[in-house]
Structure formats: structure tokens, C-alpha cells
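Participant: Give the three-dimensional model of this entry:
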Amino acid sequence: MKVKLLGAAQEVGRSGILLTLEDGKKVLLDYGVSLEGEEPQFPLPVKPRELSLVALSHAHLDHSGALPLLYVSSSPPLLTTPLTLSLSDLLIRDFLKLSKYYIPYEYSEVKNMMENSLLRGYSETYDLGGVSVTLLDAGHIPGSAMISIDTGSYTVVYTGDYALHDTCLLRMGDKSALSRADLVITESTYAEFDHPPRDWVEREFIETVTEIVEDGGTVLIPSFAVGRAQEILCVLAKYNFPHKVYIDGMARAANDLILEDSHMLRDPGLFEKAVSMVSKVRDWDDRKKAVEEPSVIVSPAGMLHGGPSEYYMEKIMEKEKNAVIFVSFAIPETPARQVLETGIFASPTKKGMVKARIEWFDFSAHCGRSELVESIKISKNSAKFLLVHGEAEAEKTLAKHVEEYGRTALVPGLGEEVEVEL
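Facilitator: Residues are numbered from 1 along each chain as shown. Presented below is the predicted three-dimensional model:
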């Protein structure tokens with residue numbers, strides 16, 4: 001079979017992996033955008049009419065944001081979970097609405113994408129003319145899936161973004177497919193280090209937030225609307241956080257969609273409790289009220305680039321009793337990264353030193369180094385690993401681990417097509 005990287009080649013973002021199976025079928029795994037830099041970057045082009053199937057691992061824009069491009073002049077079938085489809089629709093429409101740059105598709109293409117979807121739950125299989133395609137829980141965000149493709153001659157598993165640790169929100173990813181795969185196409189985002197134990201992170205986070213609010217401060221938690229915002233709400237609910245919590249922006253709509261499919265979560269009851277204990281920010285009067293009282297505000301955008309969190313940051317940054325707490329990786333060249341590295345916040349309307357307390361907690365929903373190594377150890381001795389979705393050094397590090405355990409590592413460049421013998 002052949003594998004061509006249209007994106008996510010020695011970089012994080014704009015995932016797009018084109019498989020050409022032994023019988024000539026072409027399967028596209030994800031098709032996302034990169035939001036690093038000043039304007040969105042799209043993956044390399046593909047001919048939609050030649051695609052037998054598009055399979056989407058999860059809703060985040062770096063995996064889904066370019067999908068509507070495939071539906072401008074064609075209608076390839078799109079396989080994903082119901083929750084991933086609804087969350088992708090939410091994120092892509094918001095991307096179109098808020099983007100300051102030209103996006104080469106419109107709402108009509110998003111609608112066409114939705115209409116050509118094939119929905120499957122976890123462990124459910126789609127028959128692609130004798131090829132079995134199965135979605136398995138990836139443990140990354142609600143609805144996220146690993147994609148297993150069984151041709152009868154060999155099995156390919158695409159991990160997408162995945163995690164092999166439990167969180168408040170989700171169960172760890174399903175490892176079963178990794179042990180059966182002849183080829184594992186794996187993310188390598190955090191191949192260079194491990195994440196701290198989740199229980200420790202949660203306790204430190206709760207102690208910090210409680211201390212600030214009880215001292216009269218306001219805590220801003222800039223957060224991705226899908227996945228991280230819900231995780232933070234669940235952590236607050238788990239520890240029965242007794243103070244006011246606000247939720248703003250697109251995270252409100254994401255909560256509603258996830259509630260409809262809460263059976264996909266680790267503890268649906270905990271998530272329902274988390275949603276019930278927060279106050280929705282519905283208008284500017286609510287926003288002004290939230291920043292004037294001791295409280296926690298969970299709000300997109302996670303990188304402080306646009307969204308309500310930009311407004312909140314402008315309001316809280318000059319008082320030492322307040323805090324901004326980051327709970328996601330800070331993407332380079334974003335306001336969040338600048339705050340963490342320099343203590344300076346800059347928006348279109350304000351720039352200055354942040355006097356509020358600045359903290360960062362590692363709530364990653366990706367595998368760390370040990371979990372990636374575990375994936376190698378449970379694989380077949382003959383398995384091959386094709387590495388994607390990591391910076392060059394991370395992919396190089398993971399390739400060394402793969403080879404240490406006697407497996408073959410493949411690290412293609414952007415646009416490179418490799419032939420893999422299985």
C-alpha cells in the first residue's frame with residue numbers, strides 16, 4: 001500500500017493522510033488546517049473524486065477544518081462518530097464566521113459534508129467493498145476515534161490524537177487495535193517528555209484556583225471550546241468547587257452537544273453535575289458581572305486570540321489579586337505563548353504587562369512519551385510505525401524508540417509518498 005502525507009509531516013497541525021490500498025481504493029484520513037502564524041494553512045490538495053472514503057478522527061480544526069474543500073465539486077462519503085460530526089459542524093462554522101482571511105469554501109460545502117456523512121459508534125464497522133473500517137475510542141476529546149482499516153491482507157491503524165490515561169472527562173483510548181496492526185500511523189506530539197500524574201495536576205489546580213478566589217480574585221481560564229473546557233468543568237465538579245463558575249463562548253454550545261451523547265464519556269453523571277453547577281454567560285452584561293466578582297471564568301479562545309477570553313484578559317490583567325491560568329499547550333506566536341514567555345499581553349485594543357498571577361497546568365489529552373512507548377511495546381514484532389503530527393525533533397525521538405523495540409519507523413516529509421510492504 002502507499003501512504004502520502006498531505007500535512008502533519010514533521011509538524012503539528014493540518015493533518016491529512018492519503019492511503020492507497022492494495023485494490024486501488026483511496027482513503028483520506030483527516031483533512032485539517034493549521035492555525036499557527038498569521039493566516040490558516042491548508043494541507044496539500046487531493047482529488048476528491050478519486051476518494052473512496054474520508055475518515056475523520058475528531059473535531060478539532062487541525063484535523064477537520066479543511067474537509068469542506070472536498071465537497072466543493074464532489075461528494076465523497078465521510079465516516080466518523082455522530083458526536084464528532086456535530087462538533088465539527090460547530091467548529092467549522094465558527095471558523096468561517098470569525099476568520100479574518102479568505103477561506104476557500106462556504107457554508108454550502110459544510111452542509112454538503114454533513115449530508116454525505118456515514119455515522120458509526122465505537123467498535124462499529126463500515127464495509128468499504130470488502131475492506132472493514134472500524135472506529136475505536138481514542139480518549140482524546142468527546143467523540144474522538146482511532147481508525148482501524150482491515151483489508152483482509154493487513155490492518156492499518158491511524159491513532160489520530162489519542163491518550164492512554166483516564167481523565168475526569170474520558171476513558172483512556174482503546175489499545176486493542178494497536179496490538180493487531182501491521183501498520184500504525186501515530187501522532188508523536190509529546191514524544192520527548194511525559195505528562196505529570198493527572199491526580200497531582202488536578203489537586204494543584206484546585207488548590208491554586210481556590211486560593212485566588214477566596215482572596216477576592218477573578219480567575220480566567222482560557223480554554224479550547226471542545227474537550228479542554230469540559231475537562232476543566234469536570235475537575236471543578238469532582239472536587240466540589242464551592243465558588244461561582246462561569247462558562248462563555250462556544251464552549252456553551254459544545255456542552256449542549258456533548259450532553260446529547262454523554263454515554264461516550266467516562267462518567268456522564270459527573271459531566272451533567274459539572275454543567276449544572278456553572279452559570280452561562282449570555283450577553284455583555286453577564287461578562288461585566290463575571291469580571292467584577294470573585295469567580296472562575298472558563299472561556300474560549302484558549303490562546304487568547306479572539307473570543308470572549310480576550311475581553312476578560314483585558315479586564316483582569318492589571319490587578320495582582322486576579323489570575324490567568326492556562327490549561328493547554330500554548331501554540332507559538334499566539335498571545336497565550338507571549339504571556340507565558342514575556343508576561344506581556346497584546347490584543348488589538350490593549351497591550352501591557354500582566355500584573356495578575358500567571359499559571360500553567362498540564363491537562364494534556366495526548367499520549368506522553370511513556371504511553372507512546374507502551375503503544376510500541378504492545379504492537380506486533382513485525383509492525384511498522386509511520387510517524388505524523390509532531391515537530392521534527394519529536395518524530396525523530398519517537399523513531400528511535402520504535403527502532404529500539406525492533407520495529408520499523410517511517411518518517412515521511414510533506415508531500416512524500418511512501419510504499420509500505422505489509
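Participant: hey, let's count contacts and neighbours off CA atoms from now on
Facilitator: OK.
Participant: wait, isn't Gly143 in contact with Thr84?
Facilitator: Yes - counting by CA atoms under 8 Å, Gly143 sits close enough to Thr84 to count as a contact (5.0 Å).
Participant: Okay, now the unreliable bits of this protein?
Facilitator: For the chain, no stretch is flagged by pLDDT under 70.
Participant: Give me the domain ranges for it.
Facilitator: Domain ranges of the chain: 2-193+365-419, 198-360, per automatic domain parsing.
Participant: now the helices for this protein?
Facilitator: Remark: helices assigned in the chain by DSSP state H are 61-64, 82-98, 107-115, 198-214, 228-238, 251-260, 268-276, 284-290, 308-316, 335-342, 369-377, 392-404.
Participant: Determine the set of other helices and strands touching the shortest one.
Facilitator: If you count contacts as 3 or more CA pairs under 8 Å, 6 or more residues apart in numbering; DSSP states H and E, helix 61-64 packs onto helix 82-98.
Participant: check contacts around the residue nearest to Arg337 when sequence neighbours are not counted.
Facilitator: Spatial nearest neighbour of Arg337, chain neighbours left out: Ala330 (5.0 Å); criterion: CA to CA, 6 or more residues apart in numbering. Listed by CA atoms under 8 Å, 6 or more residues apart in numbering, the contact set of Ala330 reads Met303, Ala336, Arg337.
Participant: Could you dump these into TSV with distance to Gly130 added?
Facilitator: Shown next, in TSV, are the contacts of Ala330 (distance: CA to CA, whole Å):
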residue	distance to Gly130
Met303	44
Ala336	48
Arg337	48
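Participant: so which of those comes closest to Leu6?
Facilitator: Each of those was scored against Leu6 by CA to CA, and Met303 proved nearest at 25.6 Å.
Participant: which residues does the closest one contact?
Facilitator: Contacts for Met303 (CA under 8 Å, 6+ apart) come out as Pro222, Ser223, Ala330, Ile331, Thr334, Pro335, Ala336, Arg337.
Participant: Name the member of these with the most neighbours.
Facilitator: Pro222 (29 neighbours; other CA atoms under 10 Å).
Participant: list the contacts for it?
Facilitator: Contacts of Pro222 (CA under 8 Å, 6+ apart): Val298, Ser299, Pro300, Ala301, Gly302, Met303, Leu304, Ser309, Val324, Ile325, Phe326, Val327.
Participant: Neighbour-wise, which one of those leads?
Facilitator: Counting neighbours by other CA under 10 Å, Val298 comes out on top of these with 29 neighbours.
Participant: Now do the contacts for that one.
Facilitator: When contacts are counted by CA under 8 Å, 6+ apart, Val298 touches Leu220, Ile221, Pro222, Ser223, Ala229, Val245, Tyr246, Ile247, Asp248.
Participant: Looking at those, which one is closest to Glu374?
Facilitator: Ala229 (27.9 Å).
Participant: Once you drop chain neighbours, what's closest to the closest one?
Facilitator: Computed as CA to CA, 6+ apart, the closest residue to Ala229 that is not its neighbour in sequence is Ser223, at 5.4 Å.
Participant: Distance-wise, check Thr349 relative to Glu310.
Facilitator: Separation of Thr349 from Glu310 (CA to CA, to the nearest Å): 10 Å.
Participant: Same check on Ala55?
Facilitator: Distance, Ala55 to Glu310, by CA to CA: 34 Å.
Participant: Same question for Leu183.
Facilitator: In terms of CA to CA, Leu183 sits 43 Å off from Glu310.
Participant: Could you do His165 as well?
Facilitator: 32 Å.
Participant: now Gly352
Facilitator: Counting by CA to CA, the gap from Gly352 to Glu310 is 13 Å.
Participant: of those two, who's got more company?
Facilitator: Higher neighbour count among Gly352 and Glu310: Glu310, with 24 against 14, using other CA under 10 Å.
Participant: can you pull the contacts of the more buried one?
Facilitator: Glu310 is in contact with Ala301, Leu304, Ser347, counting by CA under 8 Å, 6+ apart.
Participant: do Leu387 as well
Facilitator: Counting by CA under 8 Å, 6+ apart, Leu387 makes contact with Ile185, Thr186, Glu187, Ser188, Glu395, Leu398, Ala399, Ala409, Leu410, Val411, Pro412.
Participant: switch to 6 Å and redo it
Facilitator: Residues near Leu387 by CA atoms under 6 Å, 6 or more residues apart in numbering: Ile185, Thr186, Val411.
Participant: For it, name its beta-bridge partners.
Facilitator: For Leu387, the beta-bridge partners are Thr186 (DSSP bridges).
Participant: before we move on, the earlier item: out of the contacts of Ala330, the closest to Asp30 would be?
Facilitator: Distances from Asp30 to the contacts of Ala330, taken as CA to CA, are shortest for Met303 (23.0 Å).
Participant: can you tell me how far the most centrally placed residue in the chain sits from Leu21?
Facilitator: Centroid-nearest residue in the chain: His60, 4.7 Å away (criterion: CA atoms, centre = their mean). Distance of His60 to Leu21, given as CA to CA: 26 Å.
Participant: so who does Pro82 touch?
Facilitator: Going by CA under 6 Å, 6+ apart, Pro82 touches Leu119.
Participant: Glu231 now?
Facilitator: Contacts of Glu231 (CA under 6 Å, 6+ apart): Leu169.
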